[in-house]
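Colleague: Compute the structure for the input listed below.
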Amino acid sequence: MTPILGNLRDTPDRDAALASYARLAPGYDASCGWLERLRFEAQELLGAREGETVIDVACGTGAMLPALARAVGQRGRVIGIEQCPEMAALARERAGREGFDNIRILVAPVEEVEVEATADALLFFYTHDVLQSTRAVERVLACARPRARVVAAGARLLSWWAAPVNLWKLWRTRHFLSTYRGLRDPAAHLALHCEGWRIVATHALGTSYLACGTLLPPDS
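Modeller: Purely as a prediction, here's the structure:
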């Protein structure tokens with residue numbers, strides 16, 4: 001079954017995602033260079049500060065980890081979560097190559113990860129499958145303090161009138177996610193847990209979004 005048809009499944013498929021990202025890992029950075037502008041905007045919006053703990057959810061090859069590590073400094077730490085061993089290995093290589101010792105990579109599904117820290121800020125950058133898993137989202141949110149800053153960015157579909165653009169987006173993203181479910185409003189479940197959730201920017205004809213909010217206390 002081709003990825004574009006397989007992605008019609010109702011829920012994320014971990015095995016399919018692992019297989020896909022194992023194949024993508026060697027050329028991933030080269031194929032995603034176009035995301036640099038959005039990465040910069042997401043980092044600026046997250047506003048990581050000296051001494052903070054930041055979690056980068058599904059960090060991939062760790063493209064955003066060095067900038068986050070510089071922002072939090074030696075008193076802070078950056079935790080990258082990545083379920084694909086091949087991608088995580090590249091993230092570790094990147095951190096080591098650039099000399100950061102305040103970066104930790106956890107290789108585990110987000111639904112099962114054990115984080116021995118309380119985050120001040122959470123980054124969900126192109127993590128569509130994670131955002132479609134209620135258990136994964138709530139697992140990450142449980143690792144953050146109330147009022148933690150939350151930033152998400154990723155692919156989305158437009159309304160019915162943009163069918164040609166939507167078809168292009170489905171084709172473009174076919175290898176990078178394992179379900180198309182939720183693409184009209186990818187961060188809907190995450191937004192329920194955040195105060196002031198809003199989309200602050202869009203790119204690629206509106207098919208990429210950047211959003212932010214503040215994590216509500218558990219009893220809200």
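Colleague: ok, and what's touching the longest helix that the chain contains?
Modeller: Ranked by residue count under DSSP state H, the longest helix found in the chain is helix 85-97. Contacts to helix 85-97, defined as CB atoms under 8 Å, 6 or more residues apart in numbering, come from residues 21-22, 24-25, 28-29, 59-63, 65-66, 69, 80, 82, 103, 105, 107. Every C-beta, even on glycine, is put in place using the N, C-alpha and C of the backbone.
Colleague: quick one, strands of this structure?
Modeller: 53-57, 77-82, 103-107, 119-125, 144-155, 194-203, 208-215 (DSSP state E).
Colleague: hang on, isn't D129 packed against T179?
Modeller: Yes. Taking contacts as CB atoms under 8 Å, D129 lies within contact range of T179: 6.6 Å.
Colleague: which residues of the chain score low on pLDDT?
Modeller: Low-confidence regions of the chain, defined here as pLDDT under 70, cover residues 1-5, 220.
Colleague: let's see 80
Modeller: Within the chain, the segments meeting pLDDT under 80 span 1-6, 219-220.
Colleague: hang on, the earlier thing: Throw the strands of the chain into CSV and include mean neighbour count, thanks.
Modeller: As requested, the strands of the chain are arranged in CSV below (neighbours: other CB atoms under 10 Å):
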stretch, mean neighbour count
strand 53-57, 25
strand 77-82, 26
strand 103-107, 19
strand 119-125, 24
strand 144-155, 20
strand 194-203, 14
strand 208-215, 20
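Colleague: Any chance of a markdown table for these, columns distance to V165?
Modeller: Listed next are the strands of the chain as a markdown table, based on distance: least, CB to CB, whole Å:
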| stretch | distance to V165 |
| --- | --- |
| strand 53-57 | 27 |
| strand 77-82 | 30 |
| strand 103-107 | 35 |
| strand 119-125 | 22 |
| strand 144-155 | 12 |
| strand 194-203 | 12 |
| strand 208-215 | 12 |
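Colleague: and the gap between the residue sitting furthest away from the middle of the chain and G206?
Modeller: Here the chain reaches farthest from its C-alpha mean at W161, the gap being 27.8 Å by CA atoms, centre = their mean. From W161 over to G206 the distance is 12 Å, taken as CB to CB, to the nearest Å.
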